[in-house]
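Let me see the structure of the following:
(one chain, ligands or ions: 1)
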Amino acid sequence: MRQSLVVGNWKMNGSIQNNQSLIEGLKQNIASVQRAEVAVCPPFVYLQQVSELLKGTAIGWGGQNVSQQDPGAFTGEAAASMLVDFSCKYVIVGHSERRSLYGESDELVAEKFAKAQSANLIPILCVGELLEEREAGEMEKVVKRQLDAVINLQGVASLAKSVIAYEPVWAIGTGKTATPQQAQDVHAFIRGRIAEQDGGVAEKVQILYGGSVKGSNAAELFSKPDIDGGLIGGASLKADDFLAICQAGQ
Ligand code: PEP
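Presented below is the predicted three-dimensional model:
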């Protein structure tokens, strides 16, 4: 059985003071989370603070993005080796905000995935369709294209050391959650697509759901056979809300 995983994506939120109280709140009650592994992804500039506060606890941490380049003249970027310096376990790649607001292509996301793995980080590869794409019946085509970019560059075996997050773009930060069955259908499609190439990898890889997950809908989503936890945006910014989701991990 796959370990369930719940990851908080803080996006561009936080302050030294707020991070301190959020992390204290998480630490106080993390013992109430029985099954899920838990991690948070703060903005880069807070990795030092968050890593110091979380060191020695059951909560892991990671980055929200990584450069596809090695260290050098790339203003504003952060290299995989720098995330490793702060003992990150995970890094999110290909979040839909990066794809849509910063023009990250499937190929660039695949390069970031590769760079993360070469530094022994676990990439959390985000895939998901826009509302227009779902309405046009192109959901599977889009998710397959995003997944295949990584498989083509790195091989299917690389997915065994990664996490996939299915995040329908129309459900991110909108309050519209995919129904548990809609999410399960896409998760099963992703796992099936991987299984066509390697059944062992398909069985192993954790596939998280993301998109307006809350304490009130997490348990039903996480009860689905191919949903192994969640990538949580808005609801990861309050300790009680995030812990309620983590507690729903199966
Ligand atoms: C996300 O940004 O990864 C996300 C799922 O956001 P939210 O939970 O706020 O929809």
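
Quick check: which element contains Q48?
helix 47-54 (DSSP states H and E).

from memory G249 sits against A36, does it?
Yes: applying Cβ atoms under 8 Å as the test, G249 and A36 come out as touching, 2.5 Å apart. For every residue, glycine as well, the C-beta is placed using N, CA and C.

related to what we said a few turns ago, mind listing what's buried along the helix holding Q48?
47, 49-51, 53-54 (16 or more other Cβ atoms under 10 Å).

cool, and stretch 14-30?
Per 16+ other Cβ under 10 Å, stretch 14-30 contains these buried residues: 14, 19, 22-23, 26-27, 30.

Tell me who's in contact with the residue in the chain that the ligand sits nearest to.
Using Cβ to the nearest ligand atom, the single residue of the chain nearest to the ligand is G233, 2.2 Å away. Contacts for G233 were tallied using Cβ atoms under 8 Å, 6 or more residues apart in numbering; they are 9, 11, 172-173, 210.

just the buried members of those residues?
Buried members of the contacts of G233, scored by 16+ other Cβ under 10 Å, are 9, 11, 172, 210.

got a list of what G173 touches?
212, 233-234.

Among those residues, which lie within helices?
Of the contacts of G173, none are assigned to helices by DSSP state H.

Kindly reformat those as a markdown table containing distance to Q206 and pLDDT.
Output for the contacts of G173, formatted as a markdown table (distance: Cβ to Cβ, whole Å; pLDDT from 0 to 100):
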| residue | distance to Q206 | pLDDT |
| --- | --- | --- |
| S212 | 20 | 92 |
| G233 | 18 | 98 |
| G234 | 22 | 97 |
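
mind listing which of the residues you listed are in strands?
Among the contacts of G173, no member is found in strands (DSSP state E).

can you give me phi and psi for the residue of the chain positioned farthest from its centre?
Distance from the C-alpha centroid of the chain peaks at A73, with 27.9 Å (Cα atoms, centre = their mean). Backbone torsions of A73, given as degrees, to the nearest 10, read phi -80, psi 80.
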